[in-house]
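In: structure here, sequence nowhere to be found:
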Ligand code: PDD
């Protein structure tokens, strides 16, 4: 079956999906996106992603996008049309295309909405068994990282630096030496005193949907959570480290800048939280 994408009201083969070169997403990164996981043929934790999408649209003042339920229906329809049982749905909304390349908001444009689905083994992921290696890099991004915009160049460069160094993720570090987050994930450490530490939500980071769910599952288990910044030096000394994201759920981090974290093998807390998250996310919403 060929991959089916969605562009402005139409479902069509991915290879035929097109938008205008005047689209403001292309010219100015003037748009927002979401990535939600599909497990067992269902979008998981998608209400959280949709509510963050609404917030991103509000922040950029893209005020004429369709109602969120319409967007949810598009995502569900894409899952069905692609026969997707496990993977990701990517959805992007830009301010649309106008006739000119004007910096100010054009009047009368309709937002461009595109979406596609991608098969990926996220539950039976090899990286969950081996863990991932992290490289720290300076955080070069703008000041409003809580908005999930398609302006991702700093993250692209960060991820490539990590890949070039034989790592799988980059942790970005602010001017005070504190870790902000991963290039496409939230960063956590577990201290020697067994507290989970992650940076508090603020414009410095994206408020991760997986982060939020994992934090409440951890609290339910009676684990201590400290929302505060942590330095690279503290991360080196941590008992464990892990990352969370829709595309990888919970993944253990086994080294940072080539220094093994803890025993250098996936940690107990990361394994526990990964299995709790998968169990939670795949349950019918009413029974969570
Ligand atoms: N990225 N921080 C950043 C910078 C991210 O790009 C992401 C997700 C996260 C984790 O958020 P969530 O748990 O809601 O997925 C944190 C997605 C997966 C991506 O761009 O592919």
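Out: Nice, I can see it. Just so we're clear, the structure is a prediction, and the values are computed from it rather than from any experiment.
In: could you use CA atoms for every contact and neighbour count after this?
Out: Fine.
In: show me what the helix or strand harbouring residue 118 is packed against.
Out: Assigned by DSSP states H and E, residue 118 belongs to strand 112-119. Packing contacts for strand 112-119, counted by 3 or more C-alpha pairs under 8 Å, 6 or more residues apart in numbering; DSSP states H and E, involve strand 4-7, helix 68-81, strand 87-94.
In: nearest to the ligand, of the ones you listed?
Out: Proximity to the ligand (C-alpha to the nearest ligand atom) singles out strand 87-94 among these, at 8.1 Å.
In: partner strands of that closest one, with direction?
Out: strand 31-39 (antiparallel), strand 112-119 (antiparallel) (DSSP bridges).
In: any part of the last one near the ligand?
Out: No: judged by C-alpha under 6 Å from any ligand atom, strand 112-119 and the ligand are separated, with a smallest distance of 11.5 Å.
In: check the offset of that strand from the chain's centre.
Out: 15 Å (C-alpha atoms, centre = their mean, to the nearest Å).
In: could you give the mean pLDDT of that strand?
Out: Averaged across strand 112-119, pLDDT comes to 97.
In: point to the residue nearest the middle of this protein.
Out: With distances taken as C-alpha atoms, centre = their mean, residue 245 lies nearest the centre of the chain, 4.8 Å away.
In: list the contacts of the residue lying closest to that residue once chain neighbours are set aside.
Out: Closest residue to residue 245 apart from its sequence neighbours, by C-alpha to C-alpha, 6 or more residues apart in numbering: residue 185 at 4.9 Å. With contact set as C-alpha atoms under 8 Å, 6 or more residues apart in numbering, residue 185 has these partners: 208, 243-245.
In: could you identify the most distant pair in the residues you listed?
Out: 208 and 243 (10.5 Å; C-alpha to C-alpha).
In: higher neighbour count, the two?
Out: Just comparing residue 208 and residue 243: by other C-alpha atoms under 10 Å the higher neighbour count belongs to residue 243, 27 against 22.
In: sorry, back to before: contacts for whichever helix or strand comes after the strand holding residue 118, please.
Out: Downstream of strand 112-119, the next assigned helix or strand under DSSP H and E is helix 126-130. Helix 126-130 is contacted by residues 250-252, 265-266 when judged by C-alpha under 8 Å, 6+ apart.
In: stretch 275-283 now?
Out: Residues contacting stretch 275-283 (C-alpha under 8 Å, 6+ apart): 39-40, 44-45, 123, 213-214, 217, 249-250, 288.
In: could you do stretch 27-40 as well?
Out: So stretch 27-40 is contacted by 21, 24-25, 43-46, 49-50, 53, 56-57, 60, 79, 84-95, 101, 122-123, 147-151, 246-247, 282 (C-alpha under 8 Å, 6+ apart).
In: how far out from the middle of the chain is it?
Out: 8 Å.
In: go through that stretch and flag the buried ones.
Out: Buried positions in stretch 27-40, judged by neighbour count with 16 or more other C-alpha atoms under 10 Å: 28-39.
In: those also near the ligand: which ones?
Out: residue 35.
In: redo the buried residues of stretch 27-40 as JSON lines? Include pLDDT.
Out: Below are the buried residues of stretch 27-40 laid out as JSON lines (pLDDT from 0 to 100):
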{"residue": "28", "pLDDT": "98"}
{"residue": "29", "pLDDT": "98"}
{"residue": "30", "pLDDT": "98"}
{"residue": "31", "pLDDT": "98"}
{"residue": "32", "pLDDT": "98"}
{"residue": "33", "pLDDT": "98"}
{"residue": "34", "pLDDT": "98"}
{"residue": "35", "pLDDT": "98"}
{"residue": "36", "pLDDT": "98"}
{"residue": "37", "pLDDT": "98"}
{"residue": "38", "pLDDT": "97"}
{"residue": "39", "pLDDT": "95"}
